[in-house]
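1. Sequence unavailable; structure follows:
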């Protein structure tokens, strides 16, 4: 086994050390993703989703290139490794990968506009006392207008550090999908 020294970069994640802890960033990955989507010069937006709108599987016309939609949605899923702020909206966009439509593509584009404005966002793993374990959870019971699926999620903090988070969709009343 060879000691390669301190970790600086791993699987498109840049790691920066300081006295405050580790800073994990996927800035270059986000830049490459925006270039792949031909949105490197787009304007940014302050929020990744319009919270008033509920997308339906049947609204709008089908997108011209469904494989491009799937590629971008999958790439955004990988970005959520260090960006829990977009985990919910990316999960919502991924619900429509089987038959993406124009409103779904608009959501995907809005997420990319948000990413453009927040590329300096990092995940901080700080040093300091680990004196508590805190967990939060929430659910949007039967929130999907088409399937009545529920979206649930949680996040877990060890001290001040976010150590685990997840979002998932459940079919209401079917414990076999848990």
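-> Here it is on my side, so go on. In this text the structure is predicted, and so the values were computed from the model without any measurement. Residues are numbered from 1 along each chain as shown.
2. For the rest of this, base every contact and every neighbour count on C-alpha atoms.
-> Noted.
3. ok, which stretches of this structure are helices?
-> Per DSSP state H, the chain carries helices over the ranges 27-36, 66-79, 87-94, 102-117.
4. For those helices, give me CSV that also has distance to residue 136, mean pLDDT and mean neighbour count.
-> Conversion of those to CSV gives the following (distance: least, CA to CA, whole Å; pLDDT from 0 to 100; neighbours: other CA atoms under 10 Å):
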stretch, distance to residue 136, mean pLDDT, mean neighbour count
helix 27-36, 27, 95, 17
helix 66-79, 21, 94, 18
helix 87-94, 15, 88, 22
helix 102-117, 24, 95, 20
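5. Domain-wise, how is this structure divided?
-> Structural domains annotated on the chain: 1-127, 130-178, as defined by automatic domain parsing.
6. Need the winner for burial among those domains.
-> domain 1-127 (a mean of 16; mean count of other CA atoms under 10 Å).
7. chain center to that domain: distance?
-> Computed by CA atoms, centre = their mean, to the nearest Å, the chain-centroid distance of domain 1-127 equals 6 Å.
8. Span of it from start to end?
-> 28 Å (CA to CA, to the nearest Å).
9. shaky segments in the chain?
-> When residues are selected by pLDDT under 70, those of the chain lie in 142-144, 147-148, 169-178.
10. for it, what spans make up the strands?
-> Ranges of strands in the chain, per DSSP state E, are 9-10, 13-18, 21-25, 123-126, 133-140, 149-158, 161-171.
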